[in-house]
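In: Any chance you can model this:
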Amino acid sequence: ISSAMGLLSVSSQLLFSLLLLQKDDFLVNADEYDHRYAPGDKVNLWVNKVGPYANPQEAYEYYSLPYCAPQTEHESETFNKLKAHSIGERLGGHALRHSGHDLIFASGDKQTVVEECNTEAITEAQAAAFTKAAEDQWFYQMYIDDLPVWGMVGEMLPDYDDANVKKLGIQPKKDGSESDLQHLDEVVGKNMYGLSKEVALKPYVYTYRYLSVSYNKDRIVKVDLTSDPSSLVEVKTGADLNFKLFIKWESTDEEFHSRFDRYLDHAFFKHQIHWFSIFNSFMMVLFLMGLVALILLRTLRKDYARYALTHSHGSDLEEGEEGDAELDENGKPLLDHEGHPAASGGMPGEDSGWKQVHGDVFRAPQFLILFASIIGTGWQLITLTLGVILFAVAGPLHGEVHEERGEVLHAIITCFVLSSVVAGYSSGSFFKSYHATSPGGARSKAASAGNASAQWQATMGLTVLLLPTITVTILSMLNTVSLYYGTINTIPFLVILKLFAIWIFVSVPLTIFGTLLGRHAKLSSKGKGDLFPCRVNAIPRPIPEDVAPYGKPMNLIPFAGLLSFGSIFIELYYLLTSLWNYKFYHVYGFLLGVYFILIIVVSMTTIIVVYFCLNAENYLWQWTAFASGASMAVYVFIYGVFFFFFKTNMNGFLQTAFYFGYMGLIALNLGTLCGTIGHFAASRFVRAIFQNVKVD
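Out: Numbers count the residues shown, from 1 in each chain. Down below sits the predicted model:
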């Protein structure tokens, strides 16, 4: 333990050092971090990415398109230089580079600065690049003082000189008052003119862009970018393109602290349907809690009364006489005319139902090492999720997470590392509890101490490797696809090294430390070896095969997952929309409420499933309980498939691979989280009911 404490101290220091020094050593401007400027200060205009609007992960470097470099005084010094990025920004697919434009803070309210550049005659390859961008409705993203702006690259338009087009009276859809992002929302994936395929469309590119920057004293509070429809120029091989950026500074009274509110879709996220979904989920919680209280607990009380009568009146029965005591709805025995308990055929000589398995219910689950590792990983995910949500809810205290690029991913990494000790403790304590009741544990008493130590090491090692291995495998495949296509979502090698260092020097030692704590923890207050209310029999009893349909786990588990999914699917829609459709998720209070509702619903449904299985004398409840909670992940993934085909316009192998890769990872982690919650609730339930039963 002492050596583990020393390793823990070193690991904690290394974690904070890596998090503090996580910026890449590239171009940095101090004014961007305090967001204060003096008149005449230079303001950086960063270009982030360009790519199809329908495919969020298909993003490329802005200057991968043949845009020309602006002809400014400092263009050669800053043009296309990479900005400093955190690990979270890199993982989020951000690669900001300097545009080369010179923006001078508050350079006159009425003066419009024009910066321009001219391309040489574009080649066939360059024309093909612009043509593809227009065909696939590409857009670009820029940042000024950490405020994002978006613009369109070009459009496919009909030839207005064509007689058929003139006859139809077709006019351009976009006007100067409409932002580029609003226009893309309207036309992406659609035939904007309703033309037949016989009408040829030509590629056009926007050449004039208007940038309006509003400031309040020494702070930038608003940025707008629009493309001029009259500046659309047809893309042809050999054409010279003249690009212009019109920059205007305007003074305003808007406050700095609320400058990001215009990016938040309050009408979407705070719609009455969102409130109704919370109310609906809350009513489901009440229903399930009532079901457990009024049916299960009432039935259990009746069972307890029957078992009590069996022990107290069993000696009054004649040998060979059997029967069940007749009980009222409250579990009390009905009396005959002489005041004795009424029975149909006498009292039972043996217990029936769930009490029959008292000698096996606390037997170790199959594949104990794997199960202990999964439980440890699940508790880590529960802690991680709660920590990230609480960090986001506390945004007003430390800064809103949706305003900072990569802030959520940074919080996930930090919470993952710190919660490693929870994973180690949970898996270690669980393995310690059930190791003695497993076949391997029973044999280890006569075997060497090295065999038992090897099982502990296997549990610890699997807990360390389980979640990172699955995550790294999926992300490595996606990273390979991204590298092949040349997108900015490729994780740089330096970031991979930093993440590996954080894991190997911080997460792994914390997991080992947690496992040691779990191994040496005092798990029972009743004395050594008294971990469970009932002793475990040496020989397992057979499980009945001829049981009612409601006693079979495979019939119950899908319904449990469906109820759990029903409590969150509305919130899941908002989360997926934010993740894949360029919206900033900011209603973290809703998310926290739904998280607690999910915990309660999963707990209640799992308890019901486990009770029915135990009543069918099936004592293999541990994997059943986990599967009952984890089954919700199947519905989440199915809903993800529905969302892909009916709520998005994604296309292409790259975007499809990223979408289903991420959805698979989300479903897998959510299933592990909910399965662990279900197992915990079922474990408390099983211990509670068998503590109140007398066993001879």
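In: When you work out contacts or count neighbours from here on, use the C-alpha atoms and nothing else.
Out: Will do.
In: Tyr585 contacts Tyr573, correct?
Out: No. At 11.4 Å, Tyr585 and Tyr573 do not qualify as touching, with contact defined as CA atoms under 8 Å.
In: Now list whatever residues contact both of these two.
Out: Any residue near both Tyr585 and Tyr573 by CA atoms under 8 Å, 6 or more residues apart in numbering counts here, and not one turns up.
In: And these two? Which one has more around it.
Out: Here Tyr585 and Tyr573 are set side by side on neighbour count (other CA atoms under 10 Å), and the busier one is Tyr585, at 19 against 15.
In: Which residue is the nearest non-sequential neighbour of that one?
Out: Excluding its sequence neighbours, the residue lying closest to Tyr585 (CA to CA, 6 or more residues apart in numbering) is Ser578, at 5.6 Å.
In: Which strand or helix spans the one you found?
Out: Counting by DSSP states H and E, the element that carries Ser578 is helix 569-580.
In: next one: that helix to chain centre, how far?
Out: 10 Å (CA atoms, centre = their mean, to the nearest Å).
In: So which elements touch the following helix or strand past it?
Out: Where DSSP H and E defines the elements, the next helix or strand beyond helix 569-580 is helix 588-615. Secondary structure elements in contact with helix 588-615, counted by 3 or more CA pairs under 8 Å, 6 or more residues apart in numbering; DSSP states H and E, are helix 272-291, helix 368-393, helix 553-566, helix 621-630, helix 653-691.
In: Quick one: list the elements packing against the second one.
Out: If you count contacts as 3+ CA pairs under 8 Å, 6+ apart, helix 368-393 packs onto helix 407-418, helix 420-435, helix 449-485, helix 588-615, helix 653-691.
In: if we can go back for a sec, so the residue nearest to Tyr585 touches His586, yeah?
Out: No. Taking contact to mean CA under 8 Å, the distance of 9.4 Å between Ser578 and His586 leaves them out of contact.
In: For the two, indicate the residue with more neighbours.
Out: Using other CA under 10 Å as the criterion, Ser578 and His586 rank with His586 on top: 20 against 15.
In: show me what contacts that one?
Out: Applying CA under 8 Å, 6+ apart to His586 gives the contacts 264, 402.
In: do Tyr619 as well
Out: Under the criterion of CA under 8 Å, 6+ apart, the contact list for Tyr619 reads 357, 360-361, 543, 613.
In: now swap in His94 and tell me
Out: Under the criterion of CA under 8 Å, 6+ apart, the contact partners of His94 comprise 48-49, 405, 488-489.
In: pLDDT value on Leu384, please?
Out: With respect to pLDDT, Leu384 has a value of 97.
In: typo on my end, it should be Gly395
Out: The pLDDT attached to Gly395 in the predicted structure is 89.
In: Surely it and Val401 touch.
Out: Yes. The pair formed by Gly395 and Val401 meets the contact definition of CA under 8 Å, at 6.2 Å.
In: neighbour-wise, which of those two wins?
Out: Set Gly395 next to Val401 and count neighbours by other CA under 10 Å: Val401 wins out with 22 against 16.
In: list the contacts for the residue nearest to the more buried one when sequence neighbours are not counted?
Out: In this structure, Val401 finds its nearest non-sequential neighbour in Glu407, 5.5 Å apart by CA to CA, 6+ apart. When the contact criterion is CA under 8 Å, 6+ apart, the partners of Glu407 are 88-89, 401.
In: Can you tell me which of those end up in helices?
Out: Secondary-structure check on the contacts of Glu407 using DSSP state H: residues within helices are 88-89.
In: okay, the contacts of Glu407 in a markdown table with distance to Tyr206 next?
Out: Converted to a markdown table, these look like this (distance: CA to CA, whole Å):
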| residue | distance to Tyr206 |
| --- | --- |
| Gly88 | 33 |
| Glu89 | 29 |
| Val401 | 33 |
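In: Next, format the contacts of Glu407 as CSV and append distance to Gln137 and pLDDT.
Out: CSV is the format used below for the contacts of Glu407 (distance: CA to CA, whole Å; pLDDT from 0 to 100):
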residue, distance to Gln137, pLDDT
Gly88, 28, 91
Glu89, 25, 92
Val401, 29, 90
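In: now, among the contacts of Glu407, which is nearest to Thr72?
Out: Distances from Thr72 to the contacts of Glu407, taken as CA to CA, are shortest for Glu89 (28.6 Å).
In: Just give the number of residues close to that closest one.
Out: Per other CA under 10 Å, the neighbour tally for Glu89 reads 20.
In: Quick check, it in contact with Glu404.
Out: No. Judged on CA under 8 Å, Glu89 makes no contact with Glu404 at a distance of 9.0 Å.
In: Common neighbours of the two, please.
Out: Contact with both Glu89 and Glu404 is made by no residue, according to CA under 8 Å, 6+ apart.
In: If anything else comes up later, I'll come back, but that's it for now.
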